[in-house]
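1. one predicted model, sequence on top.
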Amino acid sequence: MTDTYELRLRGRLSPTLLSQFEHFGLVPDREPVETLLHGPVVDQAALHGLLRRIEALGLELVELRRVPD
């Protein structure tokens with residue numbers, strides 16, 4: 001079962017960094033300057049991998065939440 005998540009990251013991501021999140025859509029600009037990604041996560045292991053990728057890229061996670069279908 002796939003759940004949909006929103007990830008709020010501090011700052012605006014470059015196209016190169018956005019390419020690291022290929023299954024996520026970019027939500028239009030938000031204030032203060034943040035990047036909001038929205039997309040599927042297939043299971044708990046994928047969610048942990050996503051969190052490790054955010055950390056490895058040096059990004060600041062502001063919020064992570066599962067959204068209703």
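-> Sure thing, it's come through. Numbering: from 1, shown residues only.

2. so where do the strands sit in this structure?
-> Secondary structure of the chain (DSSP state E): strands located at 3-10, 25-30, 34-41, 61-67.

3. pull the longest helix from this structure.
-> helix 44-56 (DSSP state H).

4. what sits closest to residue 17 if chain neighbours are left out?
-> Nearest non-adjacent residue to residue 17, counting by Cβ to Cβ, 6 or more residues apart in numbering: residue 57, 6.3 Å away. C-beta coordinates here come from the backbone N, C-alpha and C atoms, glycine included.

5. helices and strands of this structure: which one bottoms out on pLDDT?
-> strand 25-30 (a mean of 73; mean pLDDT, DSSP states H and E).

6. out of the strands of the chain, nearest to residue 51?
-> Closest of the strands of the chain to residue 51 is strand 61-67, at 7.4 Å (criterion: Cβ to Cβ).

7. many thanks, I have nothing further to ask.
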